[in-house]
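Colleague: For reference, the sequence and a predicted model appear below.
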Amino acid sequence: MGHIRIACDVGAPVEVAFAYAQARRHVPGWMYGVAALEPAGEPDHGLGAAYTAKILLFGIIRTKVTCEITEFRQNAVIGYTLRGRVYGTVTLRFDPLGYERSVLTSEADYPPPRGVLGRLCHGLVDAAAKSALRRTESRLRREIEAFHGTDLVGRIA
């Protein structure tokens, strides 16, 4: 099982960061590779919410996956489970860091590639997953700070 963890400081309080990250309409703007996210039933937010995500892999391969929120604690954790051609979990943790700041910890868990070709490409898959999570974290941090109207040190943007 592959596991990646990245943490960063965000120039916004936990409540603002969480509110932005949980809003479905914002997800394609920050989650790397996600072109669209549509509700796939009720509920449409919170624990148990399911979505159909249109994914663009490596900039050329289009596919659809089921995305479900499998972990949810208000102002603390959002966990997405992806099922389909792309599968694994992405978990976002929000912790207070002080006045108008918080820590965003992004984690991804994914199964190792299968088969002979999969084993040969294991390093490539790990590198791609790390790059995707790093881009996701970076985009989400910038989007949250723009949404809140400050940069990392709390200045009005």
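Modeller: Sure thing, it's come through. Note that this is a predicted model, so its numbers are computed, not measured.
Colleague: On the strand side of things, show who Tyr51 bridges to.
Modeller: Note on Tyr51: beta-bridge partners by DSSP bridges are Pro39, Cys67.
Colleague: OK, contacts around it?
Modeller: Arg24, Leu37, Glu38, Pro39, Ala40, Thr66, Cys67, Glu68 (C-beta atoms under 8 Å, 6 or more residues apart in numbering). Placement of C-beta: from N, CA and C, glycine included.
Colleague: which other helices and strands contact the longest helix anywhere in the chain?
Modeller: The residue-count maximum for a helix in the chain (DSSP state H) belongs to helix 122-148. Applying 3 or more C-beta pairs under 8 Å, 6 or more residues apart in numbering; DSSP states H and E, we find helix 122-148 packed against strand 2-10, helix 14-22, helix 27-30, strand 88-98, strand 101-110.
Colleague: The ones you listed: which one's closest to Lys130?
Modeller: strand 2-10 (5.4 Å; C-beta to C-beta).
Colleague: for the protein, what helix or strand is lowest in average pLDDT?
Modeller: Ranking every helix and strand in the chain by mean pLDDT, DSSP states H and E puts helix 115-120 at the bottom, with a mean of 76.
Colleague: what sits up against it?
Modeller: Under the criterion C-beta under 8 Å, 6+ apart, residues Pro112, Pro113, Val125 lie in contact with helix 115-120.
Colleague: Try it again at 7 Å.
Modeller: The contact list for helix 115-120 (C-beta atoms under 7 Å, 6 or more residues apart in numbering) reads Pro113.
Colleague: Gly41 falls within a strand, correct?
Modeller: No: counting by DSSP: H, G, I helix; E, B strand; the rest coil, one finds Gly41 to be coil, located in no strand.
Colleague: so how far is Glu100 from it?
Modeller: Separation of Gly41 from Glu100 (C-beta to C-beta, to the nearest Å) stands at 37 Å.
Colleague: When the two are compared, which one has more neighbours?
Modeller: Each of Gly41 and Glu100 has its neighbours counted (other C-beta atoms under 10 Å); Glu100 has more, 15 against 11.
Colleague: Give me the phi and psi for the more buried one.
Modeller: Backbone torsions for Glu100, taken as degrees, to the nearest 10, come to phi 60, psi 30.
Colleague: ok, it to Val16 distance?
Modeller: Taken as C-beta to C-beta, the span from Glu100 to Val16 is 9 Å.
Colleague: which stretches of this protein have low pLDDT?
Modeller: Scanning the chain for pLDDT under 70 picks out 150-157.
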